[in-house]
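[1] got a sequence here, can you model it:
(chains A and B)
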2 protein chains.
Amino acid sequence: MIQMKVQGLTLDASTNSPIVILSEQEGSRSVPIWIGLLEATAIASELENISFSRPMTHDLFINTLRAAGWSIMRVEIVDIRDNTFFAYLHLHSQERSLIKIDARPSDAIALSLRAGVPIFMARHILEAKLIPSQPEPDSQEKWREILESMAPEDFGKYKM
Amino acid sequence: MIQMKVQGLTLDASTNSPIVILSEQEGSRSVPIWIGLLEATAIASELENISFSRPMTHDLFINTLRAAGWSIMRVEIVDIRDNTFFAYLHLHSQERSLIKIDARPSDAIALSLRAGVPIFMARHILEAKLIPSQPEPDSQEKWREILESMAPEDFGKYKM
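    You can find the predicted model right below:
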């Protein structure tokens, strides 16, 4: 397993599908993962430190785990089959031992950023899927547009 | 508290923003709640019984709670302030007592449908926000389009 970091988000030029770029924490190799728009906004809002007045879905997820006495320890991207990546959330609690949950990498990454826990990737994926020259992540401008198009309920209408 | 059911989804004609319509389980009053597109797709896919090969975010949420020994018992929409609705998830586990978590109603509804648990609404909201004639929920056509525009990774590319 190799520790990875989120290098940025970009868009597939031909399909306009969001791509999250993971790079080695110590090294120069990167892996692009095509993800859904829904999860891309959850990653983008965290990367841009945008705070909402109400909990977004992944915030609610983290808040619920915390209240229930569970913590995410790490997330792992463990395999790729038929161009689909497979990931695990690793959780633990004081009462019970470690559990791991099958997840899409997009959710795993969105949760790892909020929980401040590391992202690991199986070495064989990195070796199979690395991209030699890293695409320049967008100037965040498109993500800003997407975030701006979100529902009014999501934004800071309500003053605490 | 009055028990509600999801009557359907529609779109705000002027803003194209999704609206979920909740109706009384026993009665004829309805309340429209403006929600985000992200959460609307999570509700629509469950209403339409669309199954994905990989866990969507709210599926992952439910799977994680289950593995951690927690269940959602009910969700409650408890207040509206400045046109923002406030909800709670009520969870319990064998080891610990009931907890409640602050949530947006859209997430609460998406989770309640997956967990098969009831939705309740505070009586004062129903009395303040009821709509006399119920808008006809869309013919699901628009939701189908939205679901079809989701990322390829979300769909059944991977055969089990």
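[2] use CA for all of it now, contacts and neighbours both
    Fine.
[3] okay, the closest residue to A:Ser93 other than its chain neighbours and A:His58: tell me how far apart.
    Of all residues beyond its chain neighbours, the one nearest A:Ser93 is A:Trp70 (4.6 Å), with distances taken as C-alpha to C-alpha, 6 or more residues apart in numbering or on different chains. Here A:Trp70 is placed at a distance of 15 Å from A:His58 (C-alpha to C-alpha, to the nearest Å).
[4] more neighbours: which of those two?
    A:His58 (23 against 20; other C-alpha atoms under 10 Å in any protein chain shown).
[5] the more buried one: what's it in contact with?
    For A:His58, the contact set (C-alpha atoms under 8 Å, 6 or more residues apart in numbering or on different chains) comprises A:42, A:107, A:110-111, A:114.
[6] likewise for A:Asp59?
    A:Asp59 touches A:111, A:114, counting by C-alpha under 8 Å, 6+ apart.
[7] if we use 10 Å, what do you get?
    A:42, A:46, A:52, A:65, A:110-111, A:114-115, B:103 (C-alpha atoms under 10 Å, 6 or more residues apart in numbering or on different chains).
[8] of those, keep whichever come out buried.
    A:42, A:46, A:65, A:110-111, A:114-115, B:103 (16 or more other C-alpha atoms under 10 Å in any protein chain shown).
[9] check what pLDDT the nearest residue to A:Ser51 once chain neighbours are set aside gets.
    Excluding its sequence neighbours, the residue lying closest to A:Ser51 (C-alpha to C-alpha, 6+ apart) is A:Ser45, at 7.5 Å. What the model reports for A:Ser45 is a pLDDT of 93.
[10] same question for the one 10 residues further on.
    As predicted, A:Pro55 sits at a pLDDT of 95.
[11] could you do A:Ser139 as well?
    pLDDT, A:Ser139: 47.
[12] same thing with the one 4 residues further on?
    Looking at A:Trp143, its pLDDT stands at 61.
[13] what about A:Gln25, neighbour count?
    17.
[14] beta partners of the closest residue to it other than its chain neighbours?
    Excluding its sequence neighbours, the residue lying closest to A:Gln25 (C-alpha to C-alpha, 6+ apart) is A:Met4, at 4.8 Å. On the basis of DSSP bridges, A:Met4 is bridged to A:Glu24, A:Ile119.
[15] circling back to that earlier point, next one, pLDDT for the residue nearest to A:Ser93 please.
    94.
[16] from the contacts of A:Asp59, pick the one nearest B:Ile119.
    Looking at the contacts of A:Asp59 and their distance to B:Ile119, the nearest is B:Ala103, at 13.0 Å (C-alpha to C-alpha).
[17] mind checking how far that closest one is from chain A?
    6 Å (C-alpha to the nearest C-alpha, to the nearest Å).
[18] show the model's pLDDT score for that residue.
    B:Ala103 is given a pLDDT of 98.
[19] which parts of stretch A:101-118 are buried?
    A:101-115, A:118.
[20] correction: stretch A:76-91
    Here stretch A:76-91 shows A:76-79, A:84-91 as buried, counting by 16+ other C-alpha under 10 Å.
[21] before we move on, back to that, out of the contacts of A:Asp59, what pair is the most spread apart?
    Most distant of the contacts of A:Asp59, by C-alpha to C-alpha, are A:Phe52 and A:Leu65, 19.3 Å apart.
[22] pull the contacting residues for the most centrally placed residue in chain A.
    In chain A, the centroid-proximal residue (C-alpha atoms, centre = their mean) is A:Ile109; its distance is 2.3 Å. Taking C-alpha under 10 Å, 6+ apart, we find A:Ile109 in contact with A:5-6, A:20, A:22, A:39-40, A:42-43, A:74-77, A:87, A:89, A:103, A:115, A:117-119.
[23] can you report phi and psi for it?
    phi -70, psi -50 (degrees, to the nearest 10).
[24] same deal with A:Glu127?
    phi -70, psi -30.
[25] can you check A:Arg66 too?
    phi -60, psi -50.
[26] could you measure from it over to B:Leu65?
    According to C-alpha to C-alpha, A:Arg66 stands 11 Å off from B:Leu65.
[27] okay, and the residue nearest to A:Ser51 sits in which element?
    According to DSSP states H and E, A:Ser45 maps onto helix A:37-47.
[28] please enumerate the helices of chain A.
    Assigned by DSSP state H, the helices in chain A fall at A:37-47, A:57-67, A:105-115, A:123-129, A:141-148.
[29] in terms of mean pLDDT, which of the ones you listed ranks lowest?
    Among those, helix A:141-148 scores lowest, at a mean of 62.
[30] for stretch A:95-114, C-alpha coordinates in CSV please.
    What follows is stretch A:95-114 as a C-alpha-only set of coordinates in CSV (Å, rounded to 0.1, in the frame of the first residue of the first chain):
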residue,chain,number,x,y,z
GLU,A,95,-16.1,-1.1,22.1
ARG,A,96,-15.6,-3.1,19.0
SER,A,97,-12.7,-4.1,16.7
LEU,A,98,-11.8,-2.7,13.4
ILE,A,99,-14.3,-3.1,10.6
LYS,A,100,-13.9,-2.4,6.9
ILE,A,101,-16.7,-1.3,4.5
ASP,A,102,-16.9,-1.6,0.7
ALA,A,103,-17.0,1.9,-0.8
ARG,A,104,-16.5,3.8,-4.0
PRO,A,105,-13.2,5.7,-4.0
SER,A,106,-15.1,9.0,-4.5
ASP,A,107,-17.0,8.6,-1.2
ALA,A,108,-13.9,7.2,0.5
ILE,A,109,-11.9,10.3,-0.5
ALA,A,110,-14.6,12.8,0.4
LEU,A,111,-14.8,11.1,3.9
SER,A,112,-11.0,10.9,4.3
LEU,A,113,-10.6,14.7,3.7
ARG,A,114,-13.3,15.5,6.3
